[in-house]
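# here you go, sequence then predicted model.
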Amino acid sequence: MAEEKSHRIYLTGFMGSGKSTIAPILANTLGYTSVDIDREIEKSAGKTVREIFESFGEEYFREIERKVLQELSHREECVISLGGGTIISDVNLNIVKSTGVLVYLKVSEEQLFHRLKHKTDRPMLSSLPTGASEIEVQQHINTLLARREPYYAQADVIIDMEGKKVGVTIDIIMERLRQMSSPQQK
Ligand code: S3P
């Protein structure tokens, strides 16, 4: 693995997959800094993600997201927690893949539904009508996930998060990164 790529770790995965929880712990373990793209977008726009969606819509949010991603792709020794939709674009996926190691935190549809069903702060879920039934919420998550999975599947490292404690997840990611930087070692 090219030296400079191993110095930048991107975390991807659906909303609620644990990216923001894992990023600072992984960064700490590696001695890197941790950065959350949504927080950087908010700093850049001077508005919360929700406000950006509400005032200007998703397309505008994606424009800022790409600009911020481009900036972050030059940072050294960092773990970057992406938004659930950041790599759902060939351009963005290419930026990520060419500048770092992409780690996908894979969570099942059922788990995502349990984690997200009561969340009201996710603009990508608030397109559902008020009072949507649990089945409608689940279908919405499943459809969005199915559309995104082909992008997530292009990650360099895929971690099945099912039933894993945070510490175990970190150990597995560290081991996979170690294997990538010295492929001859078992
Ligand atoms: C989005 C996920 C959010 C945030 C924005 C759009 C998405 O980030 O970037 O609301 O398209 O899935 P999280 O995955 O951190 O919730």
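Thanks, I have the structure now. Residues are numbered from 1 along each chain as shown.

# got the phi and psi for Val79?
phi -110, psi 120 (degrees, to the nearest 10).

# the ligand contacts on this structure?
Counting by C-beta under 6 Å from any ligand atom, the chain comes close to the ligand at Met15, Lys19, Ser20, Asp38, Val49, Gly83, Gly84, Gly85, Arg122, Pro123, Met124. To be clear about C-beta, it is placed using only N, CA and C from the backbone, and glycine gets the same treatment.

# 5 Å - rerun?
With C-beta under 5 Å from any ligand atom as the criterion, the chain meets the ligand at residues Met15, Asp38, Val49, Gly83, Gly84, Gly85, Pro123, Met124.

# name the helices or strands packed onto the helix or strand harbouring Gln138?
Assessed by DSSP states H and E, Gln138 sits inside helix 134-152. Under the contact criterion of 3 or more C-beta pairs under 8 Å, 6 or more residues apart in numbering; DSSP states H and E, helix 134-152 touches helix 109-116.

# tell me which residues of the helix it packs on come out buried.
Neighbour counts over helix 109-116 (16 or more other C-beta atoms under 10 Å) mark Gln111, Leu112, Phe113, Arg115, Leu116 as buried.

# tell me the mean pLDDT over that helix?
For helix 109-116, the mean pLDDT works out to 93.

# can you name every helix or strand that it contacts?
Packed next to helix 109-116, using 3+ C-beta pairs under 8 Å, 6+ apart, are helix 134-152.

# downstream of the helix it packs on, the next helix or strand is which one?
Following helix 134-152 toward the C-terminus (DSSP H and E): strand 157-160.

# which parts of that next one are buried?
Those would be Val157, Ile158, Ile159, for strand 157-160 by 16+ other C-beta under 10 Å.

# between these, which sits nearest Asn142?
Ile158 (19.0 Å; C-beta to C-beta).

# could you pull out the helices in this protein for me?
For the chain, helices defined by DSSP state H occupy the ranges 19-30, 37-45, 49-56, 58-72, 90-99, 109-116, 134-152, 166-181.

# in the third one, which residues are buried?
Buried positions in helix 49-56, judged by neighbour count with 16+ other C-beta under 10 Å: Val49, Ile52, Phe53.

# looking at those residues, which is nearest the ligand?
Distance to the ligand, by C-beta to the nearest ligand atom, is smallest for Val49 among the buried residues of helix 49-56, at 4.9 Å.
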